[in-house]
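S.K.: pasting the sequence and the predicted coordinates here, then a few questions.
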Amino acid sequence: RKLNEKRIDCLIVTKPANVTYTTAFSGDDSWAVITKRAVYLLTDSRYTEQAQKECIGCGIIQRKDSMVEAVAKLFKKLKSVRTVAVEKSTSVAAFEALKKHVKRRLKTAASIVESIRMNKDSSEISAIRTSARIAAQALKQSLRYIKPGVSESELAGRLDFQIRKLGATNSFETIVAFGPNASRPHHQPSKRKLRERDTVLIDFGAKYKGYCSDITRSFVVGKPTRLFEKAYDAVQQAQTAAIKMIKAGAKIQQVDSAARDVISEYDLPVYGHGTGHGFGLEIHEMPFLKADGKGELKAGEVITIEPGVYLPGKLGVRIEDDVLVTETGCTMLTKGCPHGPQLSH
């Protein structure tokens with residue numbers, strides 16, 4: 001229907017997550033070609049056997065030439081295809097090569113597959129629930145390592161190992177930040193060791209059957225400072241305010257501002273990133289909950305809610321949970337994950 005609406009006879013899918021979504025292929029270096037009558041997966045000898053097992057109902061084309069030349073050969077057989085669209089995320093080099101080799105009307109198209117991926121079906125929601133459960137269990141098993149002397153890098157490694165043991169992989173590179181390092185939202189774990197009364201921020205997720213989870217927790221070792229308590233309370237209240245707003249039809253901008261308004265009321269600096277984002281096969285997907293966000297939430301979308309307070313040179317606090325949007329409200333998918341703020345050893 002999307003292709004018909006845009007008067008496209010054929011879509012060349014190059015983005016890995018979109019290839020997975022449209023074919024079920026979980027390998028790399030492969031494209032999908034979608035016509036009104038068939039779906040083709042173009043891959044090479046490294047993945048042919050895998051593709052034959054995973055891609056039920058797809059035509060599997062084992063390429064020997066470049067990807068662009070393989071596409072050009074396929075189009076020689078697809079006589080009725082006239083208007084061809086390429087995903088806008090495709091590299092300029094690949095698009096230029098396609099223009100040279102594919103003798104059809106060629107144009108770019110944005111977010112065709114992504115807009116469909118926003119609405120998760122029951123099997124996708126089940127995979128996300130499992131990935132969230134695995135992530136929560138991995139954190140529970142890693143809490144005993146949060147004690148003075150452990151480094152950010154070591155703690156991240158131990159958490160990653162637990163995720164692997166439980167049958168999943170990482171959604172993204174785990175963030176562990178101690179003390180003032182947590183004021184950088186995307187801090188990279190370092191050799192810095194945990195000290196008494198340090199704060200701890202952990203942003204992590206598991207990936208199960210291709211589907212992600214995304215969780216952030218903030219803790220303090222020993223007695224928290226008044227500043228940390230204030231920041232933690234502000235973030236917790238901000239997250240609660242945003243989650244209360246979530247249901248099908250809720251305006252994205254209003255959900256975002258509900259969290260920001262609470263941080264402002266605490267007279268703390270309002271975070272610069274979005275309040276949340278969709279996720280699934282990728283860790284960042286539509287919709288994006290931000291100050292200038294457009295549109296409304298729809299039932300079946302799975303999003304994060306992750307307000308934060310960042311005080312450079314002092315501390316950072318962020319709490320992030322995964323939420324399924326429903327017609328009447330929402331369902332928390334990360335309810336079982338340990339919460340802060342205080343850890344005692």
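M.R.: Cool, the structure landed. Everything quoted here is computed from the prediction, not taken from an experiment. Numbering: from 1, shown residues only.

S.K.: burial count for Lys88?
M.R.: 14 (other Cβ atoms under 10 Å). The C-beta positions use only the backbone N, C-alpha and C, and glycine is treated the same way.

S.K.: could I get the contacting residues of it?
M.R.: The neighbours of Lys88, taking Cβ atoms under 8 Å, 6 or more residues apart in numbering as the test, are 108-111.

S.K.: how close does it sit to Lys15?
M.R.: Going from Lys88 to Lys15 by Cβ to Cβ, to the nearest Å gives 9 Å.

S.K.: next: Gly300.
M.R.: In terms of Cβ to Cβ, Gly300 sits 21 Å off from Lys15.

S.K.: what's the burial count for Glu173?
M.R.: 12.

S.K.: and it, what is it in contact with?
M.R.: Gln188.

S.K.: now do the SS call for it.
M.R.: coil (DSSP: H, G, I helix; E, B strand; the rest coil).

S.K.: where do the helices sit along this structure?
M.R.: 2-5, 16-23, 48-54, 67-77, 92-101, 112-117, 122-142, 152-165, 226-245, 252-265 (DSSP state H).

S.K.: what comes up buried for the second one?
M.R.: Spelled out, it's helix 16-23. 16-23 (16 or more other Cβ atoms under 10 Å).

S.K.: for the stretch 201-345 of the chain, what spans make up the strands?
M.R.: Secondary structure of the stretch 201-345 of the chain (DSSP state E, counting those that start in this stretch): strands at 206-208, 211-212, 215-221, 276-278, 285-289, 302-305, 308-311, 315-318, 321-325, 330-332, 342-343.

S.K.: quick one: contacts of the fourth one?
M.R.: Just to be clear, that refers to strand 276-278. Residues contacting strand 276-278 (Cβ under 8 Å, 6+ apart): 118, 242, 255-256, 284-289, 301-306, 320, 323.

S.K.: just the buried residues of these.
M.R.: Here, 16+ other Cβ under 10 Å leaves 118, 242, 255-256, 285-289, 301-306, 320, 323 buried among these.

S.K.: ok so, going back, who wins for proximity to Thr35 among the strands of the stretch 201-345 of the chain?
M.R.: strand 285-289 (25.0 Å; Cβ to Cβ).

S.K.: ends of stretch 295-315, how far apart?
M.R.: 34 Å (Cα to Cα, to the nearest Å).

S.K.: list the buried residues of it.
M.R.: Across stretch 295-315, burial judged by 16+ other Cβ under 10 Å covers 296-297, 300-311, 314-315.

S.K.: ok, now how distant is the closest residue to Pro287 other than its chain neighbours from Met332?
M.R.: Nearest residue to Pro287 in three dimensions, chain neighbours excluded: Gly278, at 5.2 Å (Cβ to Cβ, 6 or more residues apart in numbering). From Gly278 over to Met332 the distance is 16 Å, taken as Cβ to Cβ.

S.K.: neighbour count: the two, which is higher?
M.R.: Taking neighbours as other Cβ under 10 Å, Gly278 and Met332 compare with Gly278 leading, 23 against 15.

S.K.: bridging residues for the more buried one?
M.R.: Glu285, Ile303 (DSSP bridges).

S.K.: could you report the distance from it to Lys314?
M.R.: 32 Å.

S.K.: list the contacts for the most centrally placed residue in the chain?
M.R.: Taking Cα atoms, centre = their mean as the criterion, Ile283 is the residue nearest the geometric centre of the chain, at 1.2 Å. Ile283 is in contact with 171-172, 205, 212, 214, counting by Cβ under 8 Å, 6+ apart.

S.K.: tell me which strands and helices the lowest-mean-pLDDT helix or strand in the chain is in contact with?
M.R.: Ranked by mean pLDDT, DSSP states H and E, the weakest helix or strand in the chain is strand 342-343, scoring a mean of 80. For strand 342-343, the packing partners by 3 or more Cβ pairs under 8 Å, 6 or more residues apart in numbering; DSSP states H and E come out as strand 215-221.

S.K.: please save the CA atoms from the strand it packs on in PDB.
M.R.: Output of strand 215-221 as PDB, limited to C-alpha atoms (Å, rounded to 0.1, in the frame of the first residue of the first chain):
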ATOM      1  CA  ILE A 215      17.400   0.900  30.400                       C
ATOM      2  CA  THR A 216      19.200   3.400  32.600                       C
ATOM      3  CA  ARG A 217      19.600   3.200  36.400                       C
ATOM      4  CA  SER A 218      21.300   5.600  38.800                       C
ATOM      5  CA  PHE A 219      22.700   4.600  42.200                       C
ATOM      6  CA  VAL A 220      24.800   5.900  45.000                       C
ATOM      7  CA  VAL A 221      27.300   3.900  47.100                       C
END
